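1. Sequence plus predicted model, see below.
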Amino acid sequence: MTGRRIRLSLLFVVALATLALLAGPSPAEAARAGKAGAGKGKAGPKSACIDCHRKVTPGVVRQFLAGRMAKEMDCAGCHGSGHTSGGDAAKAKLPTPDTCAGCHEDRVGQYRKGKHALAWAAMNALPLTTHQPLALVGGEGLKGCSGCHKIGEKPPAAITRYGGGACDACHTRHTFSVKEARDPRACRTCHMGFDHPQWEMWQTSKHGTIWEIEPGSGRAPACQKCHMPGGDHGVMTAWGFLALRLPEEDNDWRRDRITILQALGVLDRKGNPTERLEAVKTARIARLTREEFDALRKKMSAVCAECHSARYAADALAAGDRLIRESDRILADSIRTVKALYDDGILVKPADWKYAPDLLQFYEAKSTAEQELYLMFMEYRTRTFEGAFHANPDYTHWYGWAKLKEASERIREDAARLRRETR
């Protein structure tokens, strides 16, 4: 090679190196550098957002800088770089699970296989939500149902300035702490109260008591141990929120189950599927094949067997199943009592209801008997079987089973009163 060609080649190499330096690191190199720096305890790149937001939202800045993410990325990683001043705040992107999947693809994939991802769809499948204040059930305000159901994925039109991220329901903004989300207290905001007091049940069970007495010992399971084994974000239970499954092999239980499904508007009076069955399928709020139920039961049994014998675990879960069967018998009998009032013209179906009685109208029920029926379904029956599966005897018996039987008698008495008054 001639001297002239060598000089030209050297000049070309120098030029390329200079361009590379000016361009800065590639995204892959930046990510590797960020992780390497984080591993050494170094801070990540300083965001151009920080100086302004220290004045506007100082709490947000403090939280973000205290978390691990600040050591690996800046604000633009989630919010984009379109927002640069106080006058264009609307240009800041709102994170969604897709945003999180850029770094946490496996966890987001698991989440999308579980019930949390379906929470928004499940809420909007209820006829009740069509005539409630948007502050309770909509994307603005998030003061009622939507405050917890925002953990589900939403269509773009439903994403507002708050509640679009879903993942931040457990890894709260702007620290996004893994430690926080692994603590059972992170679950209690949503898994408590009237219709799903799982927190109260677990906290006052032997499991919860040992967890409080021996913090960190690992001797008793918390929520995540049973419902997210190995950190799997695909939360799903065998019975689901409604404790309903199809098909049912027990003939008497199947008859009661059909009555309940008709009162939910999932089956019509002839036992044929309605449009609501599609909503049940989409939101996966019931188990529609025995194979799916058995797979989820097997998964939970394996968790129980880490501490208990396989036989003990199977017997304990089967006892909960039997309580659902007995609760369904009482509920179905009460539904038939109320349905007979409609059949005989004593109760009249509201003009804007498609089915009557309709358990999914909840507290919008129009008669005393139906208000009791709603409580039986949403509160007493739920507490009976959830109390059993969360190993809480008092919730199972006195807050669940006893109340279920009391309400059944009140419905019978009210139905008799209505019949006397219409003679």
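-> The structure has been received and is ready for your questions.

2. Which secondary structure element of the protein has the lowest mean pLDDT?
-> Comparing helices and strands within the chain by mean pLDDT, DSSP states H and E singles out helix 27-39 as the least confident, with a mean of 38.

3. That helix: what's the following helix or strand?
-> Proceeding N to C from helix 27-39, the next assigned helix or strand is helix 50-56, under DSSP states H and E.

4. which residues sit in contact with residue 245?
-> With CB atoms under 8 Å, 6 or more residues apart in numbering as the criterion, the residues that contact residue 245 are 239, 286, 287, 288, 290, 293. Bear in mind the C-beta positions are built from the backbone N, C-alpha and C, glycine included.

5. Okay, and the beta partners of it?
-> Partner residues in beta bridges with residue 245, using DSSP bridges, are residue 287.

6. how near is it to residue 260?
-> Counting by CB to CB, to the nearest Å, the gap from residue 245 to residue 260 is 11 Å.

7. can you check residue 195 too?
-> Noted for residue 195: a distance of 16 Å to residue 260, by CB to CB.

8. which of those two has more neighbours?
-> Legend: neighbour count by other CB atoms under 10 Å for residue 195 and residue 260, higher for residue 260 (20 against 14).

9. dump the residue contacts of the more buried one.
-> Counted by CB under 8 Å, 6+ apart, residue 260 has contacts 244, 328, 331, 332, 335, 359, 377.

10. returning to what we had before: which one of the contacts of residue 245 sits closest to residue 127?
-> Sorting the contacts of residue 245 by distance to residue 127 puts residue 286 at the head of the list, at 16.8 Å, by CB to CB.

11. between the contacts of residue 245, which has the most around it?
-> residue 287 (23 neighbours).

12. I'd guessed it sits against residue 295; true?
-> No: with contacts counted by CB atoms under 8 Å, residue 287 stays clear of residue 295, the gap being 9.6 Å.

13. Mind splitting the chain into its structural domains?
-> The record assigns the chain these domain ranges, following automatic domain parsing: 52-79+95-182, 251-421.

14. can you pull the pLDDT of residue 329?
-> The predicted local distance difference test score for residue 329 is 98.

15. The stretch 301-423 of the chain: helices as residue ranges?
-> With DSSP state H, counting those that start in this stretch, the ranges of helices along the stretch 301-423 of the chain come out as 310-343, 368-375, 381-389, 393-394, 402-421.

16. Relative to residue 172, which of those is closest?
-> Of all the helices of the stretch 301-423 of the chain, helix 381-389 sits nearest to residue 172, with 25.3 Å by CB to CB.

17. Show me what the closest one packs onto, helices and strands only.
-> Contact analysis of helix 381-389 by 3 or more CB pairs under 8 Å, 6 or more residues apart in numbering; DSSP states H and E lists helix 198-203, helix 310-343, helix 402-421 as its packing neighbours.

18. angle of it against helix 368-375?
-> Using axes from the mean of the first three to the mean of the last three CA atoms, to 10 degrees, the inter-axis angle of helix 381-389 relative to helix 368-375 is 30 degrees.

19. Strands along this structure, start to end?
-> Taking DSSP state E as the criterion, the chain carries no strands.

20. what residue is smack in the middle of it?
-> residue 116 (3.2 Å; CA atoms, centre = their mean).

21. Verify the stated contact: that residue with residue 149.
-> No: using CB under 8 Å, residue 116 and residue 149 do not qualify as a contacting pair, with a distance of 9.5 Å.

22. Any figure for the gap between residue 392 and residue 207?
-> For residue 392 relative to residue 207 (CB to CB), the value is 9 Å.

23. which stretches of this structure aren't confidently modelled?
-> 1-46, 161, 163 (pLDDT under 70).

24. let's go with 50 and repeat that
-> Per-residue confidence of the chain (counting by pLDDT under 50) places the weak regions at 1, 5-43.

25. roughly how far apart are residue 139 and residue 278?
-> Counting by CB to CB, the gap from residue 139 to residue 278 is 23 Å.

26. If you count surrounding residues, which of those two has more?
-> Each of residue 139 and residue 278 has its neighbours counted (other CB under 10 Å); residue 139 has more, 18 against 12.

27. quick one: the helices in the stretch 101-250 of the chain?
-> Shown for the stretch 101-250 of the chain, the helices assigned by DSSP H, counting those that start in this stretch span residues 105-111, 119-124, 134-137, 145-149, 178-182, 198-203, 206-213, 223-227.

28. Can you point out the buried residues in the first one?
-> The one in question is helix 105-111. Using 16 or more other CB atoms under 10 Å as the test for burial, helix 105-111 gives 107, 108, 110, 111.

29. For the second one, list the residues it contacts.
-> Applying CB under 8 Å, 6+ apart, we find residue 108 in contact with 97, 98, 100, 101, 167, 233.

30. so which of those is the most crowded?
-> With neighbours taken as other CB under 10 Å, the top of those is residue 167, carrying 23 neighbours.
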